[in-house]
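S.K.: structure for this input, please:
(chains A, B, C and D)
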Protein chains: 2
Amino acid sequence: MGETGGPATIKAFEERLLEVSEDLPKRLRQCADYVAANKDRIAVSTVAEMAEGAGVQPSAFMRFCQILGFSGFSEMQRLFRDSYVGGWPDYSTRLHHLREKAEGSPSALLAEFVEAGRASLENLLKTIEPQTIEQAVQALAGAHMIHIIGLRRSFPVASYMAYAFEKMDVPAMLHSAVGRLDNRNAIRSGDVLLAITFSPYSSETIELVESVRERGIPVVALTDTIVSPLRKFDAIALSVSEVDFGAFRSLSATLCLAIALSVAVGTRRSV
Amino acid sequence: MGETGGPATIKAFEERLLEVSEDLPKRLRQCADYVAANKDRIAVSTVAEMAEGAGVQPSAFMRFCQILGFSGFSEMQRLFRDSYVGGWPDYSTRLHHLREKAEGSPSALLAEFVEAGRASLENLLKTIEPQTIEQAVQALAGAHMIHIIGLRRSFPVASYMAYAFEKMDVPAMLHSAVGRLDNRNAIRSGDVLLAITFSPYSSETIELVESVRERGIPVVALTDTIVSPLRKFDAIALSVSEVDFGAFRSLSATLCLAIALSVAVGTRRSV
DNA sequence: TCAATAATGGACTATAAATTCCATTTTTTT
DNA sequence: AAAAAAATGGAATTTATAGTCCATTATTGA
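M.R.: So this is what the prediction gives:
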C-alpha cells in the first residue's frame, strides 16, 4: 500500500466530509458531526479520544476515517498535523545539504531562501502576541529618545530601524560601536533602549542591556526564542524565530517585525 | 504514578526553560534552542521528530524533558496538547482576522507588512533571471576583493552582505561612508564592486559606480526596476521590486536575494 | 413475524512510539 | 597525564495506540 485516495488538503477534506455526510448511519453521522465541529482536535488527539468525543466506539471512528478515503486514522491525522506546523520541517538540514553539494545553482539557492522566508513570515504571525507588540509600541512611542543597538548579524536590522525612525522624525540614535566608541552615557532617564540580538548573542549588546536595566531604563528587545539571554533582564521581548542556514538567516520575518514596529511607533507619536 | 513536578502551564514551562538553559551541555542546549523556537511543534510531533529537528538522539531529548521536570516526553506533550486551542484556523484566515479586526493596531500593521513581504518574495522568484544571477555569482566569486556600497535605505542590505562574506572568508570591504571617508582608491583592478541602491538613489553610490566603471572594474548591482540609473553603466544588474506598504518597504525580497547571492558566492569560491 | 442485511461494540493483534539502559566518548578535575 | 565524572548514542524494552475481526444487535423489506 502506501498510496491513498484520501483528501490531500484541508479544503478537500471539508468537501469530502460534506459530500459524505448526507446519508450516514447513526454512529458514523455522530463522527461526522463531531469532526466537523472539532477539526482542530484531530491533530492532537488519539482515536480513542475522538471516538469518546463523538460518543462512539473507536472502531466506529476508524470506519469513519476509511469512508472519508483515508487508510486509517493516522493518515487523516497526518493531514492535520502537517497543515498545522506549516511547511518548514528541516530547512536547516535541507540547506545544509545544498551547501555540501555546493552544486546548487544560484537560482535553486534563491528558491530555497524564498521558501524559508515565506515560512518564517507565516510563523511570525503565529507566534507574535499582539499585546506584547502593543507594550513595545507604547514604551517606544513614549520615549524621549530611542537608542538602538544591534551588532553583527543584527546590525542590518538596527540600521534599518534607525533609518525608518529618522524618516519619521522619531528621535533615535544608532549605537553602532564604530571605532569601539561606547556611547552608553548618552542613554538618559526617559529614554528607551531597543536591543536587537540573535544567537550567537553579542556580548556588547547584552552588557549594554544589563547596565541600562540597572538604571531602571526600559528595554525593548527583538530576539530569537524565549531562551535568549535578554529574557533575564525583564525587557519587553519580541521573539522571532527564523529559519537559518548555518550562520545566516534571511531576516525576512525579523525585518517585517522591525518595520511594523517602527511604523507603529512613528504613527503613534505623531498623533 | 500520575505525579509530576513539571511545569503546569505554558508560562511556567517557558520560565523553567529559561532558568534551565543557562548551563546545559551541548546536546541538551540544542534541545532547548530547538524547543524554544518550535514550541508549537511539540503538540503534534513524536520524540523522534523533535530529536531530529534538534539534531540529537531521541534519548537525549528524553533526558531534556526530564530536566525540565516532566516524567518524560509524553507528559510534556500533554501540556501542549491540552493548551492547544489552535494557531488555527491557519495562516490566511488568521492574517485576514488580524487585518480586519485589529485595524490600526500594531498587529494589524504587522499583518500588512507580512503580506507585503510574502508578495514580494513571490514576485522575486518570478522576475529574477537565472542567468543573470549566475553571471553575478561568477563575477563576485572571481573577484580578488568585493567592495560593497549601499547607503541609507540600502545600508542594511550592504551591511548584511558584508557580514555574510566575512563569515564565509570571502574578502569583502564595506564602504560605509563613515565620517564621509571616501575609500574609492581601495578598489583595484581585479576587484568587483557590489552596488546596492534603490529609489531615491543616493548620489554617492551612483558616483562611485560611475568612477569605477570608467576604470573598467566590473560592477554587480542590486537595484529596483529597469529604470534604475545604474543601468546606464552596464553593470550586471539584479532587479528586485519590493511591494511596499505606505512609504516603507520591508526589504524581505531584497534580503533574500542578497543572502542567496552571498551564499552562492561563498560556496562557489571554496570549491 | 421472519429472514436478510447492515451497523455496531468490544476483544484481539500488530505496529509504532516512548522510555530505559548501558557501553562508549567526551569533558573536567587532580 | 591519568582518573573520575558527565554526557552521549544507539540498541533493547516497554507501553500505548492504531487498526482488524467477528459475534451480537439493530434495521429493513417481504
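
S.K.: where in the stretch 1-150 of chain A is pLDDT low?
M.R.: When residues are selected by pLDDT under 70, those of the stretch 1-150 of chain A lie in A:1-5, A:86-104.

S.K.: tell me the residues of it that contact chain B?
M.R.: Along the stretch 1-150 of chain A, the residues adjacent to chain B under the rule C-beta under 8 Å from any C-beta of the partner chain are A:10, A:40, A:43-45, A:81, A:83-86, A:89-90, A:99, A:102, A:104-107, A:109-114, A:117-118, A:121-122, A:124-128, A:130, A:133-134, A:136-137. C-beta coordinates here come from the backbone N, C-alpha and C atoms, glycine included.

S.K.: filter these down to the buried ones.
M.R.: A:10, A:40, A:43-45, A:81, A:83-86, A:104, A:106-107, A:109-114, A:117-118, A:121-122, A:124-128, A:133-134, A:136-137 (16 or more other C-beta atoms under 10 Å in any protein chain shown).

S.K.: can you list which of the residues you listed are found in helices?
M.R.: Taking DSSP state H as the definition of helices, these contribute A:10, A:81, A:83-84, A:106-107, A:109-114, A:117-118, A:121-122, A:124-127, A:133-134, A:136-137.

S.K.: which ones are touching the residue nearest to residue A:165 when sequence neighbours are not counted?
M.R.: Distances taken as C-beta to C-beta, 6 or more residues apart in numbering or on different chains place residue A:172 nearest to residue A:165, at 3.7 Å, with adjacent residues excluded. Residue A:172 is in contact with A:145, A:146, A:147, A:148, A:161, A:162, A:165, A:166, counting by C-beta atoms under 8 Å, 6 or more residues apart in numbering or on different chains.

S.K.: for the nearest residue to the second one once chain neighbours are set aside, give its distance to chain B.
M.R.: In space, not counting the residues next to it along the chain, residue A:146 is nearest to residue A:172; the distance is 4.3 Å by C-beta to C-beta, 6+ apart. The spacing between residue A:172 and chain B, counted by C-beta to the nearest C-beta, to the nearest Å, is 15 Å.

S.K.: next, give phi and psi for residue A:172.
M.R.: Comment: the main-chain dihedrals of residue A:172 come out as phi -140, psi 150, following degrees, to the nearest 10.

S.K.: I'd say residue A:47 and residue A:76 touch.
M.R.: No: using C-beta atoms under 8 Å, residue A:47 is not in contact with residue A:76; the gap is 9.7 Å.

S.K.: between those two, which one's more packed in?
M.R.: Using other C-beta atoms under 10 Å in any protein chain shown, the more surrounded residue of residue A:47 and residue A:76 is residue A:76, with 27 against 20.

S.K.: that one: what secondary structure?
M.R.: Of the three states, residue A:76 takes helix under DSSP: H, G, I helix; E, B strand; the rest coil.

S.K.: now do the contacts for it.
M.R.: Residue A:76 sits next to A:6, A:13, A:42, A:65, A:68, A:70 when contact means C-beta under 8 Å, 6+ apart.

S.K.: check contacts around residue A:253.
M.R.: Residues touching residue A:253, when contacts are defined by C-beta under 8 Å, 6+ apart, comprise A:117, A:120, A:121, A:123, A:124, A:240, A:241, A:242.
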